[in-house]
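Enquirer: Attaching a predicted model along with its sequence, questions to come.
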Amino acid sequence: MRQLKINLTKAIIIWHALSEQALQLYLKATILYLTGELLRTHSIRTLIASIFEITNDKFFKELSKKHRFILKLTEHAYIAARYLPTTFSAEDADAMIRVVDEVVSHVNETIRSDSKKS
């Protein structure tokens, strides 16, 4: 039973790290798509702020305020999963996945679909 708990904890940490990296790369690709420039940062919050500056889409400003803690936790999860012994709860993982889904859905529905109409 103890081994199962350890494996589940490791799986949650890996899931955190993969979600962070997926969102980070998706945001970088979106900025590249919009501007032709590749930002050299790993901060999801910086990438979201950059998309807000480019698009003036209030969703991104509100997202940063509404999910500030989860976005910080997401960034921390990536670093911690690679370099530090750490644990996260399943609830935190679920919250992070919901935020990632919310961002990706919004980008797909607004930014990328608007470009296709042009």
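Expert: Nice, I can see it.

Enquirer: distance between the helix or strand hosting Ile79 and the chain's centre?
Expert: Element membership of Ile79 [criterion: DSSP states H and E] is helix 68-83. Centroid separation for helix 68-83 versus its chain: 9 Å, with CA atoms, centre = their mean, to the nearest Å.

Enquirer: Report the contact partners of the residue nearest to the spatial centre of the chain.
Expert: The centre of the chain sits closest to Leu23, judged by CA atoms, centre = their mean, with a distance of 3.7 Å. With contact taken as CB atoms under 8 Å, 6 or more residues apart in numbering, Leu23 is in contact with Ile44, Thr74, Val100, Val103, Val104. Bear in mind the C-beta positions are built from the backbone N, C-alpha and C, glycine included.

Enquirer: low-confidence ranges in the chain?
Expert: Along the chain, segments meeting pLDDT under 70 span 1-18, 81, 86-88, 112-118.

Enquirer: Swap in 50 and give it another go.
Expert: 2-7 (pLDDT under 50).

Enquirer: can you map out the helices along it?
Expert: 2-35, 44-55, 58-66, 68-83, 90-106, 113-117 (DSSP state H).

Enquirer: How about the third one, which residues are buried there?
Expert: Neighbour-count burial for helix 58-66 flags Phe59, Phe60, Leu63 (criterion: 16 or more other CB atoms under 10 Å).
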